[in-house]
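**Student:** Here you go, sequence then predicted model.
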Amino acid sequence: MKITIFGDICPTKDTQAAFDRGDRESIFGDTFREIESSDIVIGNLECAVTDQPKPIQKAGPVLYTGVQSIQTLKDFDILSIANNHIRDCGDEGVMTALETCKKLGIRTLGAGKSMQEARKPLVIEKCGIKIGLMSFAEQEFNIASDIRPGACYLDLYDDFDRIREFRKTVDYLIILYHGGIEYFPYASPELSRKCRKMVDCGADLISCQHSHCIGTIEQYNGSTIVYGQGNSVFGYRDGDNSWNRGLLLQVEFQKAGSSFSSLFTYKGMVATSKGLRWMSEDASENLSNELKAREQLSQNRVAVQKEWDKFCDSLGKIHLPLLLGWPKILIAINRRTDNSLIKMFYGRLAYNNTHNLIRCEAHREVIDNLLSKKDFS
């Protein structure tokens, strides 16, 4: 049995026409044969689905596609829709995604009409092997509630226990985690702790999606963690090597009597103006060397922390002004002047107060409650 896992899939300006006409071979290119030859095909649908888009108020881009586009994914057996864009068009965008997939015979995972529905795992039973699937997303404007459709997030108080109990009912557990910081090729300290804990609770394979770049592949306690699968179908960007690259993940199972063996592999693919293509031999070798170097460095916590600190410093020119609610013009000036405005107007006391509001669990809970309300009055 062979399971193939794609990463983030979203129609964009350069692929929307092909999605609308159902041109699967044009979109998936070289990888289409793997779709046809696999027993189970899984992907992450990273957009709302609606023919009558009514975008919600949020930060960041709004991603959606029409119902017709989903016909292009009819060869997929399972689509995870636990991601940060599934509620971009509100309840209707989530429910239409669920209903459209159901009509096409595609099972969905990680989102539902309520949090109770969104949290339900899936079981695939094939060739006498039971494969478990769970999917989680980080919290943005996407999360379900008891009365609202949306995505499932990783609840640190409950879900590690759920993972542990679910693992007892299956032979192999795959977890798709839509999280991690974008464009960082290593695991942040927090992401590493979460994923390793999921392994300790029974996960055999974890794929972190969302980061839009290929990350580090770590072997931990006999399991595999992919800290960044990269894009699968998310448009082609001329000259952006990181954006255009992705990993196709595969697990092959061999049954021998009452036991079985599993083999994890990956293939490098590249988005082009003519669909997905396999990486060239040279590019594949370079990628393999990159991943080996990252895995080796990831064993050194001090070295990874230095990479994390350096990456966060680069984001500070944007994140700190955003945190303060500055307008775009001031953010642009601050960025181009190497954080000079922040250094000028944001003193130590302001830093300490802001840090305390975010770091302290009690204060952060209050801030989250206040900011989640539409009316501050």
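**Tutor:** Arrived safely.

**Student:** Could you check how far the longest helix seen in the chain is from the centre of its chain?
**Tutor:** In the chain, with assignment by DSSP state H, the single longest helix is helix 301-323. Between the centre of helix 301-323 and the centre of its chain there are 20 Å (CA atoms, centre = their mean, to the nearest Å).

**Student:** After it, heading C-terminal, what element do we hit next?
**Tutor:** helix 328-336 (DSSP states H and E).

**Student:** List the buried residues for that next one?
**Tutor:** 331, 334 (16 or more other CB atoms under 10 Å). All C-beta atoms are positioned from the backbone trio N, CA, C, and that covers glycine.

**Student:** Please write out the alpha-carbon positions of that helix in CSV.
**Tutor:** Provided in CSV are the C-alpha atoms of helix 328-336 (Å, rounded to 0.1, in the frame of the first residue of the first chain):
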residue,chain,number,x,y,z
LYS,A,328,1.4,50.9,6.6
ILE,A,329,3.4,54.0,5.8
LEU,A,330,5.2,54.0,9.2
ILE,A,331,5.8,50.2,8.9
ALA,A,332,7.4,50.7,5.5
ILE,A,333,9.6,53.5,6.8
ASN,A,334,10.6,51.5,9.9
ARG,A,335,11.5,48.5,7.7
ARG,A,336,13.6,50.6,5.3
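
**Student:** ok, and what's touching that helix?
**Tutor:** Helix 328-336 is touched from outside by 317-318, 321-322, 326, 340-342, with contacts defined as CB atoms under 8 Å, 6 or more residues apart in numbering.

**Student:** Taking these together, which two end up most distant?
**Tutor:** Spanning the widest gap among the contacts of helix 328-336 are Leu322 and Ser340, at 16.5 Å by CB to CB.

**Student:** on that earlier part again, check which residues of the longest helix of the chain are buried.
**Tutor:** So, applying 16+ other CB under 10 Å, buried residues of helix 301-323: 304, 307-308, 317, 320-321.

**Student:** would JSON lines of the contacts of helix 328-336 with pLDDT and distance to Tyr153 be doable?
**Tutor:** Below are the contacts of helix 328-336 laid out as JSON lines (pLDDT from 0 to 100; distance: CB to CB, whole Å):
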{"residue": "Lys317", "pLDDT": "92", "distance to Tyr153": "28"}
{"residue": "Ile318", "pLDDT": "93", "distance to Tyr153": "24"}
{"residue": "Pro321", "pLDDT": "93", "distance to Tyr153": "27"}
{"residue": "Leu322", "pLDDT": "93", "distance to Tyr153": "22"}
{"residue": "Trp326", "pLDDT": "93", "distance to Tyr153": "28"}
{"residue": "Ser340", "pLDDT": "93", "distance to Tyr153": "37"}
{"residue": "Leu341", "pLDDT": "94", "distance to Tyr153": "34"}
{"residue": "Ile342", "pLDDT": "92", "distance to Tyr153": "30"}
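
**Student:** nearest to Asn142, of those?
**Tutor:** Using CB to CB, the contacts of helix 328-336 come closest to Asn142 at Leu322, 18.6 Å.

**Student:** Now do the same for the nearest residue to that closest one once chain neighbours are set aside: its pLDDT.
**Tutor:** Using CB to CB, 6 or more residues apart in numbering and skipping the chain neighbours, the partner closest in space to Leu322 is Ile331 (6.8 Å). On pLDDT, Ile331 comes in at 93.

**Student:** How much space separates Ile331 from Gly347?
**Tutor:** Counting by CB to CB, to the nearest Å, the gap from Ile331 to Gly347 is 19 Å.

**Student:** With Leu324 instead?
**Tutor:** 12 Å.

**Student:** The longest helix of the chain relative to helix 328-336, how many degrees between them?
**Tutor:** Here helix 301-323 points in a direction 150 degrees away from that of helix 328-336 (axes from the mean of the first three to the mean of the last three CA atoms, to 10 degrees).

**Student:** And helix 301-323, what does it pack against?
**Tutor:** Contacts defined by 3 or more CB pairs under 8 Å, 6 or more residues apart in numbering; DSSP states H and E place helix 301-323 against helix 189-200, helix 281-298, helix 328-336, helix 340-345.

**Student:** okay if I get these as CSV plus distance to Gly228?
**Tutor:** Shown next, in CSV, are the helices and strands packed on helix 301-323 (distance: least, CB to CB, whole Å):
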stretch, distance to Gly228
helix 189-200, 10
helix 281-298, 10
helix 328-336, 25
helix 340-345, 29
